[in-house]
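Chemist: No sequence on hand, only this structure:
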């Protein structure tokens, strides 16, 4: 059987997370980086300028996700100081498609990437400029392609089929499709959380076949604009990102010779990660800045019409969001403390370790209304679902908590609500607020 | 990083699944059991008496789940011939809460178990008898408890808090709460896919504390009716189930001495699995039948007022359902065939290997409109999502397929749609039909 068994070991383990709640390090185990993006006032976490207890009252019920506008703005501003001025910053909507949040991002970033017609509707409703929206996905349907052409957005072509479908659509509607080529490069992105390029893949077109594809695009009369190279995501090693961006640039430069017209945009993706687990460190942006400056200088010579684009999802929004649920029961079973909450994996699958992870590790978590409590204990926080998979924090050092207290899961602004099985066990959905 | 990396090996592997599609065994690798519950006519799978192509036209669009009424009835009938007549058969709604399916089950089974107020609404709407509904879950809220008391269903108490909350609710409303005790036993259920009893757990009350709990229930004047023992699920080994049911019976018999009134119901759970992966065999029900007969005879002497209950979810509905999606693209990337569909893990998370599995294995799958096609190949079937996690079948031996063909994932009647992140990437939801 491949199903994961709930762990049953009785041994208590040392806390992997004292630092972020104001304790001194008491063990040699790896720690979570401090969640210092949120201030603490009178022992309460402050989110969007409001203390957590009041915010929960304002929302009206738990569980909820809260995304902090000022942190979104601060992250973009930080990137603006780091990235060369000519590099354009795009938001990958899949990370968090909450309409209010996307609307807020319209005023912050230079463009958007969508992965479905549903996401396209959200960004158009939010007022994004269609000229700065691109659409990627390995299984774009005829209808989605037609919607994208009508919207006037840039379509990242991922197969030969899409060229002929787009040619038909353009001919039938008289609207020329704007296209870029998503390239599956012939190198691998090392150390990435999730590889999306290199080897045989469903994504993009193998780089060795791109010249043939570009010829077809030319024959079909589609409006060629550039290249898109997706190499991987959730990367915390700057040198790997630097290497991948160099390689991506070189692949694009080589392929540009075969393009039917000059390259106007070159999306080097991003893959910038955020720290989730004990031992993870924040990404060092300095080497990435230096490298992008060098690439931008090369591009000014070698592809003078091309805008360089960095596309980020998780890195822009992940650290700005928390998931909040309320403790409904405190149980001690055979010596172990269980805090049972009204939340669970149906709202936040990733924190349970069931969304792409091989080994479950704890996200940073805290009792949000007892941030400075001196009395602490090792506790396991679970959701309300009738399954042993529904684990929010396993044997973590926490403030001693009671029913009514608020559990906070940090680093929850990306791939939270929409990446979770919300209908599972027919519990109420979580609320999302932008504060 | 803990995120799973997409495999990039180029080597083709022998098919793990020739048998079910009519081929002779050509390798020593483990195989899927044949999916013989669905007939094949003129090369098309027949579901609910209708050929798949026509069913897809009737549904109107892909992807969809189809659940076969006749297979649901056949499975229950099979269990009726196996289980002793006095053993009552309950359906655990969490496995598949589709309202039409639950309505169909009302005519087939003796009772229902719900895991939330949402599921309670579904079974009450479907016309189930409240006397035969029970409610389990580690995080039942005050409001859910009040709803359950008002509905007149049996509440499986899982903590001391619930006793005092129920006493208050009963006093305030004048309706006596009907309760059973969910016991966290002091033995472990071996070889189960998912353990839910033994050791420290958030589920139920540790057996050694149950006498104290029973005394409180008596003092509070709640209507005590019996015990609920959940030991684990997705078990394919009859001897383990037999052992767990014997142990559960013994625990309940021992605890019955402390009960404030005679035991009226004893839910021994079930945990019966279904074969998902290559090498899995169907559960042998004969030893379970013999053991339940013996336990029923003992119960007639030792707990004469107690009805024995077996509660099944996945085993009742899992094999009656398929997930169907349509191929939108066929791509060959560096020698590997990728069939890109309009489906994906947003509809069927478990098949992607991201719902509790440690190691991803293939579910049985086929090209449903080419069941007897002589031309075959090794292909990887993916969904339409922009993530390498979106894998429906990895390097399986399949009929050679083209855009427009229908991919069928078998064993999809349980923990499919509602156990999946349907909002992920904002694609359209799947449809569910009962046929």
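Modeler: Perfect, I can see it now. Please read all numbers here as calculations on a predicted model, not as lab measurements. Numbers count the residues shown, from 1 in each chain, chains lettered A, B, ... in the order given.
Chemist: Show me what the longest helix along chain A is in contact with.
Modeler: Ranked by residue count under DSSP state H, the longest helix found in chain A is helix A:238-256. Applying CB atoms under 8 Å, 6 or more residues apart in numbering or on different chains, the external contacts of helix A:238-256 come out as A:181, A:183, A:185-187, A:189-192, A:207, A:210-211, A:214, A:226-227, A:229, A:231-232, A:235, A:262-263, A:266, A:268-272, A:283-288, A:291-292, A:295, A:298-299, A:302-303. Just so you know, the C-beta spots here come from the backbone N, C-alpha and C atoms, and that holds for glycine as well.
Chemist: Give me the next element, helix or strand, following that helix.
Modeler: Using DSSP states H and E, the helix or strand that follows helix A:238-256 in sequence is strand A:265-267.
Chemist: tell me what that next one is packed against?
Modeler: On a contact count with 3 or more CB pairs under 8 Å, 6 or more residues apart in numbering or on different chains; DSSP states H and E, strand A:265-267 meets strand A:223-229, strand A:307-312.
Chemist: Columns mean pLDDT and distance to residue A:66 on top of these, output as a markdown table?
Modeler: Shown next, in a markdown table, are the helices and strands packed on strand A:265-267 (pLDDT from 0 to 100; distance: least, CB to CB, whole Å):
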| stretch | mean pLDDT | distance to residue A:66 |
| --- | --- | --- |
| strand A:223-229 | 97 | 33 |
| strand A:307-312 | 97 | 21 |
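Chemist: Pick the most deeply packed of these.
Modeler: strand A:223-229 (a mean of 25; mean count of other CB atoms under 10 Å in any protein chain shown).
Chemist: Contacts (any at all) between chain B and it?
Modeler: No: judged by CB under 8 Å from any CB of the partner chain, strand A:223-229 stays clear of chain B, getting no closer than 11.2 Å.
Chemist: Identify the neighbouring strands of that strand in the sheet and state each direction.
Modeler: strand A:178-184 (parallel), strand A:265-267 (parallel) (DSSP bridges).
Chemist: Any buried residues in the shortest one, and which?
Modeler: Okay, so that is strand A:265-267. Judged by neighbour count using 16 or more other CB atoms under 10 Å in any protein chain shown, the buried positions of strand A:265-267 are A:265, A:266, A:267.
Chemist: per-domain residue ranges of chain A.
Modeler: Using automatic domain parsing, the domains assigned to chain A come out as A:11-67+A:319-434, A:136-312.
Chemist: so the residue nearest to residue A:384 when sequence neighbours are not counted, which of the three states?
Modeler: Nearest non-adjacent residue to residue A:384, counting by CB to CB, 6 or more residues apart in numbering or on different chains: residue B:139, 2.9 Å away. What DSSP: H, G, I helix; E, B strand; the rest coil gives for residue B:139 is coil.
Chemist: which bits of the stretch 201-350 of chain A sit near chain B?
Modeler: A:201-203, A:206, A:234, A:236, A:273, A:277, A:328-331, A:333-336, A:338, A:340-342, A:344, A:349.
Chemist: Which of these fall within strands?
Modeler: Among these, the members found in strands (DSSP state E) are A:206, A:328, A:329, A:330, A:331, A:333, A:336, A:338, A:340, A:341.
Chemist: Can you pick out the most distant pair from those?
Modeler: A:206 and A:330 (55.6 Å; CB to CB).
Chemist: my guess is residue A:42 meets residue A:52, correct?
Modeler: No: with contact defined as CB atoms under 8 Å, residue A:42 and residue A:52 do not form a contacting pair (10.8 Å).
Chemist: Which residue lies closest in space to residue A:143, excluding its sequence neighbours?
Modeler: Per CB to CB, 6+ apart, closest to residue A:143 is residue A:117, 7.3 Å.
Chemist: Now do that neighbour against residue A:269, distance only.
Modeler: 22 Å (CB to CB, to the nearest Å).
Chemist: So if I had to pick from the two, which one is more boxed in?
Modeler: Shown here are residue A:117 and residue A:269; by other CB atoms under 10 Å in any protein chain shown, residue A:269 has more neighbours (27 against 21).
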